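Student: Quick one: sequence plus predicted model below, questions after.
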Amino acid sequence: MNGFLMRGAFAAIGFWIATFFVTGLHFDQPSTLVVAGLTLGVMNAVVRPLLIVLTLPLTVLSLGFFLLVINAAMVGIVAWLMTGMQVDGFGSALGTAIIVSIVSWIGGSLARRS
């Protein structure tokens, strides 16, 4: 349970950092960041593995780059589910997904180290 909450916190931090760099990403209030991070964690645990299996041929043909599209879709689904979070288009979702992935990767590696 602690690992899930930590991943959700890293995703929320990633969303917060993405608001500075990605145009088209908007949050109405700070609490929406936390809920969006936790929702993204649930989506990544439940829906993302199913999408990866279903799109495996595309992922192999694109040498893994289609995973970026899946990550952007996860951000788009979270924005669709959340009131108070807006993503203006695919480019904004893709940029947000890249930033959230990098922040989560760095945070996870630092958490494992300590």
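Tutor: Sure, I can see it.
Student: pLDDT below threshold where in the protein?
Tutor: For the chain, applying pLDDT under 70 flags the ranges 1, 114.
Student: Okay, strands next: where are they in it?
Tutor: In the chain, the strands defined using DSSP state E lie at 25-27, 85-87.
Student: which outside residues touch the last one?
Tutor: This points to strand 85-87. For strand 85-87, contacts defined as CB atoms under 8 Å, 6 or more residues apart in numbering pick out 24-28, 32, 36, 75-76, 78-79, 93, 96. C-beta here means a position set from N, CA and C on the backbone, and glycine is covered the same way.
Student: which among the residues you listed end up buried?
Tutor: Buried by 16 or more other CB atoms under 10 Å: 25, 27, 32, 36, 75-76, 78-79, 93, 96, out of these.
Student: Sort out for me which of the contacts of strand 85-87 are in helices.
Tutor: When DSSP state H defines the helices, the subset of the contacts of strand 85-87 inside them is 32, 36, 75-76, 78-79, 93, 96.
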